[in-house]
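Kindly return the folded structure for what I paste below:
(chains A and B)
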Amino acid sequence: MSDRPSPDEGLSAAELAAKYGLAVSGARPGLGSYVRQLWGRRHFILAFSQAKLTAQYSQAKLGQLWQVATPLLNALVYFLIFGLILNADRGFTREVYIPFLVTGVFVFTFTQSSVMAGVRAISGNLGLVRALHFPRASLPISFSLQQLQQLLFSMIVLFAVAIGFGSYPRLSWVLIVPVLALQFLFNTGLAMIFARMGAKTPDLAQLMPFVMRTWMYASGVMFSIPVMLADHPKWIADILQWNPAAIYMDLMRFALIDGYGSENLPPHVWAVAAGWAALVALGGFVYFWKAEERYGRG
Amino acid sequence: MAESHVPTVVADELHIVYRVNGAKTGKGSATSALSRILRRGEERGVRKVHAVKGVSFIAYRGEAIGLIGSNGSGKSTLLRAIAGLLPAEKGKVYTDGQPSLLGVNAALMNDLTGERNVILGGLAMGMSREQIKERYQGIVDFSGINEKGDFITLPMRTYSSGMAARLRFSIAAAKDHDVLMIDEALATGDRKFQKRSEARIRELRKEAGTVFLVSHNNKSIRDTCDRVLWLERGELRMDGPTEEVLKEYEKFTGK
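Numbering: from 1, shown residues only, chains lettered A, B, ... in the order given. Coordinates of the predicted model:
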């Protein structure tokens, strides 16, 4: 501004900014203050997830009833294919297999939809990212939270199925809470990792369904891994059983189903479950934060 | 005058580049897309739009700055960059506090009731639940949505476009800002509502340290701004007092 005489004449932009305490617009905050900002936005994160959940079925005649009807129909389809036609229930009685299958489907769907929502968390909400200020991690966290609420609806169906096949509420049902908490942490971390990757490469949204389906079939959603792989080297079954999706499914089944005892669980199962949750949640958060200032370039 | 020399926004050789996937010129076939993926790093086939090219200026406290220029000259992009919403390719923007863009549209959901959108929009802008509760009635009254019946409890998709625009403006204008940026599209609604929103913008100006206004309406620029930046093809063509710049601009556009 040459027409404005000023004592600051001759200072470079950076010096001027420093003199008056201006900060670089859109710079990435430190990890500590990022966490604090995120905590300050907790009401937004929760409200956004609930809004998304409500908006999902608001045009349907049956409305929110679909929250429960969708998982029920899902379970029915898998039962039809794997329970009746393919007889994947080797090694189980019917009383165990049906809750086993339904638990697997719901628990895996929780992770699957968190990942899919994560991929699109930034790339599908560019309008929001380009219009308003908030720590961007709010979005993947909010979407995972939406999936958690969706799962809580599915749990109603799951409880009904368990009771219907003779697994009545008992003390071990309390374990459902820590299992869900750990899986939620794991899912959120995964959603943040994929949110960053999806922000850079939106094509992932096309690719991920195939990856997720492969993961699903490898995790023993509709069959028991040790029984199916009985004639193969044991380490293959061990690796498959230690994968996080299988871990959370098995723990949930162990908690819920009467005839599914600890002999079906791999060794050190709780440590592995907690380890996966901590590793992916923390790693995913830091990985997401590292690109905070770049989201929105599109 | 001494106070006006406190800078609030410093833009230093700012460049903004958009990257557009899949808008490649020539053959957009699958094979070319594949070769694009294989030859990473160079980002072949990704079209770059150089929207802002080396803009520098200093804005001071108490100024109201108009941004003019023909369509696609980079005005809105520049605002977003000042707000820190678009990352700079080169150069830097320094700001005092957190500049905010007056706009909340993207956070609202058509399938939700107006009521829930007021809360969601407020939270998205960073207001606390208490603040929203406090201002809720004010927002609804200002929008005038409920003048013709209880519309606020209906989903927003049932609103006419004018009603929806009014509610959006009312939500956006409910927050106080340090550095405030207003994009032209806000002038919506009927005559009565336009009057009301202009008054609200003046109010916001009093509270804010510095105001940026993007508009194609030279009259509203004359009414509200004392300094004007003229952007053309992403370059800063002129920067000065409102009258001077507008005179040149009107000559340029052939008015």
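
Please list all residues in contact with residue 205.
Just so you know, I chose chain A. A:M116, A:V119, A:R120, A:S123, A:G124, A:G198 (CB atoms under 8 Å, 6 or more residues apart in numbering or on different chains). (Each C-beta comes from the backbone N, C-alpha and C, glycine too.)

My question was about chain B, not that one.
B:A64, B:L180, B:V211, B:T224.

In JSON lines, list the residues you listed along with distance to chain A, pLDDT and neighbour count.
JSON lines is the format used below for the contacts of B:R205 (distance: CB to the nearest CB, whole Å; pLDDT from 0 to 100; neighbours: other CB atoms under 10 Å in any protein chain shown):
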{"residue": "B:A64", "distance to chain A": "16", "pLDDT": "86", "neighbour count": "23"}
{"residue": "B:L180", "distance to chain A": "13", "pLDDT": "81", "neighbour count": "24"}
{"residue": "B:V211", "distance to chain A": "16", "pLDDT": "84", "neighbour count": "25"}
{"residue": "B:T224", "distance to chain A": "20", "pLDDT": "79", "neighbour count": "19"}
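
And those, which two are furthest apart?
Taking CB to CB, the two most distant members of the contacts of B:R205 are B:L180 and B:T224; they sit 11.7 Å apart.

Need the residues touching each of the two.
With CB under 8 Å, 6+ apart as the test, B:L180 and B:T224 both reach B:R205, B:V211.

Now a PyMOL select for only the buried ones of the contacts of A:A205.
The buried subset of the contacts of A:A205, as determined by 16 or more other CB atoms under 10 Å in any protein chain shown, is captured in PyMOL by this line:
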select buried, chain A and resi 116+119+120+123+124+198
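
Of the contacts of A:A205, which is the nearest to A:Q241?
A:M116 (24.2 Å).

Quickly note the distance from the closest one to A:S224.
26 Å (CB to CB, to the nearest Å).

and what of A:F194?
In terms of CB to CB, A:F194 sits 29 Å off from A:S224.

pLDDT on the lengthiest helix in chain B, on average?
Longest helix in chain B by number of residues (criterion: DSSP state H): helix B:191-207. Across helix B:191-207, the average pLDDT comes to 77.

Tell me the helices and strands packed up against whatever helix or strand comes next after it.
For helix B:191-207, the succeeding helix or strand toward the C-terminus, using DSSP states H and E, is strand B:210-214. Counting contacts by 3 or more CB pairs under 8 Å, 6 or more residues apart in numbering or on different chains; DSSP states H and E, strand B:210-214 is packed against strand B:47-60, strand B:64-68, helix B:75-82, strand B:179-182, helix B:218-224.

Does anything pack onto the shortest one? Which helices or strands?
When contacts are defined as 3+ CB pairs under 8 Å, 6+ apart, strand B:179-182 sits against helix B:75-82, strand B:100-102, helix B:191-207, strand B:210-214.

The first one: how far from the chain's middle?
In other words, helix B:75-82. 7 Å (CA atoms, centre = their mean, to the nearest Å).

can you check the shortest one too?
Between the mean C-alpha point of strand B:100-102 and the mean C-alpha point of its chain there is a distance of 6 Å (CA atoms, centre = their mean).

ok, the closest residue to B:E250 other than its chain neighbours - contacts?
Nearest non-adjacent residue to B:E250, counting by CB to CB, 6 or more residues apart in numbering or on different chains: B:N218, 7.0 Å away. When contacts are counted by CB under 8 Å, 6+ apart, B:N218 touches B:I68, B:L246, B:Y249, B:E250.
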